[in-house]
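> I need the structure of the sequence given here:
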Amino acid sequence: MAWKKAGEMTVIIYNIFKNNKDYSFRDQIQRASVSIMNNIAEGFERKNNNEFKQFLFISKASCGEVRSMIHLGCKLSYLNEDEYNELLNQSSQISKMLSGLIKTL
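Next up is the predicted model:
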């Protein structure tokens with residue numbers, strides 16, 4: 001479920017920033033969002049709970065990076081209030097899901 005939600009958020013981020021001319025900002029938030037879902041997938045494929053947990057921690061860190069970029073994007077007026085709130089809510093939910101998954105492992 002966390003992987004699916006991360007993918008949904010990634011698509012939203014790509015759509016919001018696709019025409020943004022601040023290429024370094026755009027690339028960074030896109031890479032960080034992709035990192036969330038890719039690290040979940042990569043860790044899962046390891047078929048080892050300890051390794052999976054390690055990748056989930058990396059994924060959670062990327063989620064924090066996305067949240068930081070969301071705050072910066074708002075301050076730079078790259079996001080409107082609705083986009084800001086939606087992305088902040090989604091990234092927080094994903095982070096909580098990852099925490100729960102880490103605890104179960």
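> in the protein, which spans are helices?
2-17, 23-45, 49-75, 81-104 (DSSP state H).
> Tell me how far Tyr14 lies from Thr104.
Noted for Tyr14: a distance of 30 Å to Thr104, by C-beta to C-beta, to the nearest Å. (Glycine included, C-beta is placed from N, CA and C.)
> what sits against the nearest residue to Glu83 once chain neighbours are set aside?
Once flanking residues are discounted, Glu83 sits nearest to Ile16: 5.7 Å by C-beta to C-beta, 6 or more residues apart in numbering. For Ile16, the contacting residues are 79, 83, 87, by C-beta atoms under 8 Å, 6 or more residues apart in numbering.
> run the last query once more with 10 Å
Contact partners of Ile16, counting by C-beta atoms under 10 Å, 6 or more residues apart in numbering, are 26, 29, 73, 78-80, 83-84, 86-87.
> Any chance of TSV for the helices of the chain, columns mean pLDDT?
Converted to TSV, these look like this (pLDDT from 0 to 100):
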stretch	mean pLDDT
helix 2-17	98
helix 23-45	98
helix 49-75	98
helix 81-104	98
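> Give me the neighbour count for Val11.
Residues lying near Val11 (other C-beta atoms under 10 Å) number 10.
> tell me the contacts of it?
Ser33.
> Burial check on the nearest residue to Cys74 once chain neighbours are set aside, number of neighbours?
Distance criterion C-beta to C-beta, 6+ apart; nearest residue to Cys74, sequence neighbours excluded, is Tyr84 at 4.5 Å. Other residues near Tyr84 come to 17 when the count uses other C-beta under 10 Å.
> wait, what's in contact with Tyr84?
By C-beta under 10 Å, 6+ apart, the residues touching Tyr84 are 16, 70-71, 73-75, 78.
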